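Colleague: Sequence and predicted structure below; questions after.
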Number of protein chains: 2
Amino acid sequence: MKQPREVFLEYLRKRGLNMTPQRAAIVETFLESEGHFSSEELCGRARKLDPAIGQATVYRTLKLLVESGLAGALLAGEGPTLYEHSYGHAHHDHLVCLECGVKVEIVDPEIEKRQEELAGAQGFTLTRHSMVLYGLCPACLKRMGGRTLDA
Amino acid sequence: MKQPREVFLEYLRKRGLNMTPQRAAIVETFLESEGHFSSEELCGRARKLDPAIGQATVYRTLKLLVESGLAGALLAGEGPTLYEHSYGHAHHDHLVCLECGVKVEIVDPEIEKRQEELAGAQGFTLTRHSMVLYGLCPACLKRMGGRTLDA
DNA sequence: TTAATTGCAAATCGTTTGCTGAAAG
DNA sequence: CTTTCAGCAAACGATTTGCAATTAA
């Protein structure tokens, strides 16, 4: 499997785009970041490499990262879009705690298979999907005791 | 099963809120609307009953409709939030065509069950979930022939 | 009378875009 | 040279909010 930087460079080449110090810094920062993070967070981190980097450039580069297949975007209904690594990662869905926001990645071939079947039954060809399960994580469940949830 | 207007009135009462002509017009319009629609669309329709209704009031009333259980909100990653009837409707997920935007509602007890299992395996208690399958509907599939999709 | 409600306009928030100078090939 | 880029600030779209003037109970 090619390494991510190579994938990105190839993507740029294919599109007739250039590598620049800013893009390099952002990609570098992206590759070093773990979990889920927003464009703004990434910008903050990238500025440690180059304080002059603009938020707009980060947005533009994130778009390239997504298109190149290195990054995945989680359109959170609430708040900013979160990004994550997607190169070399199997597709996964998310389990989110409504209290503390912790996110757990889950994979289930059975659900994936059923999704294909359901789509097929309607004559659809699936491209992608998003599934997010919301609830309470074990820690919050314990911490809140039996009280109701209405955050 | 109580009728929706009654449900809404009870909800208002319980919260110490008042019924007003504007709320009545918006609820009425909501109940007559089918499928998925945005706050703005609903506002446009409600103005046929009362042209002075403000967009802000529609947003505020939609929030009440959701809280009362009459409406469900689809946090579309793209564009405005779409609303639909949820009172007396079984939970369902969505199948969306990336080309023409048509939305099909799907229900599958098997997936619902599997979701509970997956969440339980992580110690989570599920409150709700959202699942959206994206792809091409039969019509677009045919219309586009074998061409690639990169809209 | 008294809290709830309205419409408006201004404010937010995340994200995109127009612009002008700078830089990559 | 000729695009492509960068950074900035202004523009955007959806939604929320402050406010002063009504209105419901």
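Modeller: Happy to help now that I have it. Residues are numbered from 1 along each chain as shown, chains lettered A, B, ... in the order given.
Colleague: Might you enumerate the residues of chain A proximal to DNA strand C?
Modeller: Within chain A, the positions near DNA strand C by CB under 7 Å from any atom of the strand are A:18-21, A:38-40, A:55-56, A:59-60, A:63, A:79-81. For the C-beta atoms, the positions are set from N, CA and C on the backbone; glycine is no exception.
Colleague: Can you select the buried ones from the residues you listed in ChimeraX?
Modeller: Typed into ChimeraX, the next command selects the buried ones out of the residues of chain A next to DNA strand C (criterion: 16 or more other CB atoms under 10 Å in any protein chain shown):
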select /A:38,39
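Colleague: among the residues of chain A next to DNA strand C, which are in strands?
Modeller: A:Ser38 (DSSP state E).
Colleague: Farthest-apart pair in the residues of chain A next to DNA strand C, please.
Modeller: A:Asn18 and A:Gly79 (32.4 Å; CB to CB).
Colleague: If you compare the directions of the longest strand along chain A and strand B:125-136, what angle comes out?
Modeller: Ordering each strand of chain A by length in residues (DSSP E) puts strand A:125-136 first. Here strand A:125-136 runs at an angle of 170 degrees relative to strand B:125-136 (axes from the mean of the first three to the mean of the last three CA atoms, to 10 degrees).
Colleague: May I have the strands that pair with strand A:125-136, each with its orientation?
Modeller: strand A:93-97 (parallel), strand B:125-136 (antiparallel) (DSSP bridges).
Colleague: Buried residues of whichever helix or strand comes after it, list them for me.
Modeller: Counting by DSSP states H and E, the next helix or strand C-terminal to strand A:125-136 is helix A:138-144. In terms of neighbour count (16+ other CB under 10 Å), helix A:138-144 has its buried residues at A:Cys140, A:Leu141.
Colleague: CA atoms only for helix A:138-144, dumped as CSV, please.
Modeller: Extracted in CSV, the C-alpha atoms of helix A:138-144 (Å, rounded to 0.1, in the frame of the first residue of the first chain):
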residue,chain,number,x,y,z
PRO,A,138,-21.2,3.5,30.1
ALA,A,139,-19.4,6.2,32.0
CYS,A,140,-22.2,8.8,31.6
LEU,A,141,-24.8,6.2,32.2
LYS,A,142,-23.3,5.4,35.6
ARG,A,143,-22.6,9.0,36.4
MET,A,144,-26.1,10.1,35.7
